[in-house]
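S.K.: Let me see the structure of the following:
(2 chains)
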Amino acid sequence: MTRRSINWFKYTSPASFYPLAGKLIPWFAVATALLLAAGLFIGFFVAPTDFQQGDAYRIIYIHVPAAWMAMFLYLLMALYAGLGLAFNARLWSMMASAIASTGALFAFLSLWTGALWGKPMWGTWWVWDARLTSTLILFFLYLGFLSLQAMIEDPRRADRAGALLALVGAVNVPIIYFSVQWWNTLHQGASLRLGKSPSIAPVMLAALLIMIAACWMYSITVTLMRVRCIILERERNAPWVGELLREAK
Amino acid sequence: MLATLRWVIQRDTTLAWRGRAGVLSTLFFFVIVVSLFPLGVGPEMNVLRMIAPGVVWVAALLASMLSLDRMFAHDYLDGSLEQLMLTPQPLSLVVMGKIIAHWLATGAPLALIAPLLGVQFDLPPRALLVLVASLLLGTPALSLIGAIGAALTLGLRGGGVLVSLLVLPLCIPVLIFGAGAVEASISGASAEPHLSLLGAVLLLALLFAPWATAAALRISLE
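M.R.: Take a look at the predicted model:
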């Protein structure tokens, strides 16, 4: 009976993960395109105009998923980095580096779309509100991680130093979040909350959830693509990469 | 164990005392930055009194970032850091000693000179007292959190700027509670909740930071 179990550890080696990622990318890319098309269609044409906020509210279909992704990706990055540090596994550290730029992108997107939303709603591009501020700090944490990794030349040291920073940051994120929240709060309450019926119309909720799924698929696709580049770059002296390049020619 | 701790603190404070100029320049930086604000903002006393807690605290934060590279860099350059790492005592203990010495050389003088700057901004006496208390509670936390960044960037080119980039976002809670305590006492409210939270942050940092710094040092010196 043990024959049925797949050896998952096989895929923690860059050499065997590289082709697997290559096979997975098209599937996730197609899923991204389909979900994005569906989410945008429902969001723009099916969902009704909001009673209070008019059509401007439609920016939540990218704003909310971006803000969520920025937070989830930080935790995921810290998780991968921690695993890489604990088990001394190169691939997991590479995954953490690959996730970081996407996370920073989403943090920036949520700030930007938030500003675009804030202008018609609150009459100002930026307010020093708790959630805006903590997203900004999250963006700074991503930048710190990226610049630390960029400054260290030795890739193994870069992995470990980045991992430690990501873990310290992950411990700090809740503390920062609550301290900023006590400091000031103006943002509207969360529309989606677990264990409570959501306070928005079902169609809007559906569009929002589809967009969140689309952003997940996008993140996975891009991360896999980036991790393939990182693998090639770091393993360029390994025999299997040489063979791969010869085949490609 | 305590003997090791005492020895490291003694060694580092002696070194800091011999190189007084470095310690004093951090202190002068703090004083000058705080004194620049009235020149930039204007001499309106009401405005100055309102921004004083934030200004003093941000300047303290910057001053302690500036002095972070002194914590490990010299010992790293002359090789004594590697010798310290070979001691049979736990590395986090040695690190703890270095952090305490660093605080004695930077954070403690900052806190003691702060009332003078507070007077420049026309803070009431009670607020001055709270300012000193908040700095005494907050600057050790800054040294503790900063040590992690200093250890991670050890020996990197351009590490001085990088360490601020890494550590400043992590120090935001300390800044919020520290400046909040002074603000509360100016507006007549009790500063106690802020000071308690600041103490909580300090305790958490005491618990985790020496250990994380030791891990970072091992990564950097591998």
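S.K.: list the contacts for the residue of chain B positioned farthest from its centre?
M.R.: Computed with Cα atoms, centre = their mean, the residue of chain B farthest from its C-alpha average is residue B:44, at 29.7 Å. In this structure, residue B:44 makes contact with no residue, judged by Cβ atoms under 8 Å, 6 or more residues apart in numbering or on different chains. Yep, even glycine has a C-beta here, placed from its N, CA and C like the rest.
S.K.: State the pLDDT value of it.
M.R.: The per-residue pLDDT reported for residue B:44 equals 85.
S.K.: Equivalent analysis for residue B:95, please.
M.R.: 92.
S.K.: how about the residues of chain A that lie near chain B?
M.R.: Within chain A, the positions adjacent to chain B are A:137, A:140-141, A:143-144, A:147-148, A:151-152, A:156-157, A:160-161, A:164-165, A:167-169, A:171-172, A:175-176, A:179-180, A:182-183 by Cβ under 8 Å from any Cβ of the partner chain.
S.K.: Worst mean pLDDT across the helices and strands of chain A, which element?
M.R.: Sorted by mean pLDDT, DSSP states H and E, the helices and strands of chain A end with helix A:239-248, the least confident at a mean of 82.
S.K.: list the buried ones in it?
M.R.: For helix A:239-248, the neighbour count (16 or more other Cβ atoms under 10 Å in any protein chain shown) marks residue A:241 as buried.
S.K.: likewise stretch A:77-91?
M.R.: Taking 16+ other Cβ under 10 Å as the neighbour-count basis, stretch A:77-91 is seen to contain the buried residues A:77-85, A:89-91.
S.K.: Please apply the same query to stretch B:168-177.
M.R.: Under 16+ other Cβ under 10 Å, the buried positions of stretch B:168-177 are B:168-177.
S.K.: In contact with residue 119, which residues are there?
M.R.: Because you didn't say which chain, this covers chain A. When contacts are counted by Cβ under 8 Å, 6+ apart, residue A:119 touches residue A:125.
S.K.: Switch to chain B, please.
M.R.: Remark: with contacts taken as Cβ under 8 Å, 6+ apart, residue B:119 is in contact with residue B:128.
S.K.: in what helix or strand does residue A:237 lie?
M.R.: Of the helices and strands defined by DSSP states H and E, none includes residue A:237.
S.K.: Could you measure from it over to chain B?
M.R.: Counting by Cβ to the nearest Cβ, to the nearest Å, the gap from residue A:237 to chain B is 21 Å.
S.K.: What of residue A:75?
M.R.: Going from residue A:75 to chain B by Cβ to the nearest Cβ gives 16 Å.
S.K.: Can you report how many residues lie near that residue?
M.R.: Each residue near residue A:75 was counted by other Cβ atoms under 10 Å in any protein chain shown, and the total is 13.
S.K.: tell me the average confidence for the helix or strand hosting it?
M.R.: With the criterion set as DSSP H and E, the secondary-structure element containing residue A:75 is helix A:60-87. Mean pLDDT, computed over helix A:60-87, is 90.
S.K.: C-terminal to that helix, what's the next element?
M.R.: Next helix or strand after helix A:60-87 toward the C-terminus (DSSP H and E): helix A:90-122.
S.K.: buried residues in that next one?
M.R.: By neighbour count, and taking 16+ other Cβ under 10 Å as the criterion, the buried residues in helix A:90-122 are A:90-111, A:113-114, A:117-118, A:121.
S.K.: and it with helix A:60-87, angle?
M.R.: Going by axes from the mean of the first three to the mean of the last three Cα atoms, to 10 degrees, helix A:90-122 is angled at 150 degrees with respect to helix A:60-87.
S.K.: so how far is helix A:90-122 off the chain centroid?
M.R.: Centroid displacement of helix A:90-122 relative to its chain, using Cα atoms, centre = their mean, to the nearest Å, is 7 Å.
S.K.: same for the very next helix or strand once past that helix, what does it pack against?
M.R.: Remark: after helix A:90-122, the chain's next helix or strand is helix A:130-151, criterion DSSP H and E. Applying 3 or more Cβ pairs under 8 Å, 6 or more residues apart in numbering or on different chains; DSSP states H and E, one finds that helix A:130-151 makes contact with helix A:60-87, helix A:90-122, helix A:155-183, helix B:159-167.
S.K.: which stretches of chain A have low pLDDT?
M.R.: Screening chain A residue by residue with the criterion pLDDT under 70, one finds the ranges A:1-9, A:50-53, A:184-200.
S.K.: burial of residue 63, as a residue count?
M.R.: Since no chain was named, I'll use chain A. Under the neighbour criterion other Cβ under 10 Å, residue A:63 is assigned a count of 22.
S.K.: nope, chain B please
M.R.: Here the neighbour count serves as a burial measure; for residue B:63 (other Cβ under 10 Å) it reads 25.
S.K.: Relative to the whole chain's centre, how far out is the one helix or strand it maps to?
M.R.: Mapping residue B:63 onto the secondary structure by DSSP H and E places it in helix B:45-66. The gap between where helix B:45-66 is centred and where its chain is centred comes out at 14 Å by Cα atoms, centre = their mean.
S.K.: dump the residue contacts of the closest residue to residue A:95 other than its chain neighbours.
M.R.: Take residue A:95 and drop its neighbours on the chain: the residue closest to it by Cβ to Cβ, 6 or more residues apart in numbering or on different chains is residue A:80, 4.5 Å away. The contact partners of residue A:80, taken as Cβ under 8 Å, 6+ apart, are A:92-93, A:95-96, A:99.
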